[in-house]
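Participant: Generate a structure from the sequence data that follows.
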Amino acid sequence: MRWNKWIRQVHRWVSVAFTVTVVVAFVALAREEPAVWVSYVPLLPLALLLATGLYLFVLPYAARWRGARAGARGR
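Facilitator: Alright, predicted model coming up:
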């Protein structure tokens, strides 16, 4: 269970980092001569959010699948 809590905490902190990078990108792109590379900065936290979010999404289904499998073996 400690692993799941760790992933959940990482997901929360990465969501904060993603929000900050999006705000920074919007501010940087609103300048007169925007640096286009700034628009790519939020992609790293977004990729991490995707990975951790998919893991957290699959957790309940995996628990049910493991529970059904263990129940079938116990009979």
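Participant: which residue sits closest to residue 52 in space, ignoring its chain neighbours?
Facilitator: residue 11 (4.0 Å; C-beta to C-beta, 6 or more residues apart in numbering). Every residue, glycine included, has its C-beta placed from N, CA and C.
Participant: Count the residues that sit near the one you found.
Facilitator: By other C-beta atoms under 10 Å, the residues close to residue 11 number 16.
Participant: Can you say which helix or strand has it in it?
Facilitator: Here residue 11, judged by DSSP states H and E, is contained in helix 2-29.
Participant: for residue 53, same thing?
Facilitator: In the assignment (DSSP H and E), residue 53 maps to helix 43-74.
Participant: Give the buried residues for the helix or strand bottoming out on mean pLDDT in the chain.
Facilitator: For the chain, using mean pLDDT, DSSP states H and E, the weakest element among its helices and strands is helix 43-74, scoring a mean of 86. Within helix 43-74, the residues that qualify as buried are 45, 46, 48, 49, 52, 55, counting by 16 or more other C-beta atoms under 10 Å.
Participant: The fourth one and residue 22: what is the separation?
Facilitator: Counting by C-beta to C-beta, to the nearest Å, the separation of residue 49 from residue 22 is 11 Å.
Participant: List the residues that contact the residue most central in space within the chain.
Facilitator: Residue closest to the average C-alpha location in the chain (C-alpha atoms, centre = their mean): residue 49, at 1.8 Å. Neighbour list for residue 49: 11, 14, 15, 18 [criterion: C-beta atoms under 8 Å, 6 or more residues apart in numbering].
Participant: Burial check on residue 8, number of neighbours?
Facilitator: So residue 8, with other C-beta under 10 Å, has 13 neighbours.
Participant: In space, what's closest to it - neighbours in sequence excluded?
Facilitator: residue 56 is the one closest to residue 8 (C-beta to C-beta, 6+ apart), at 6.5 Å.
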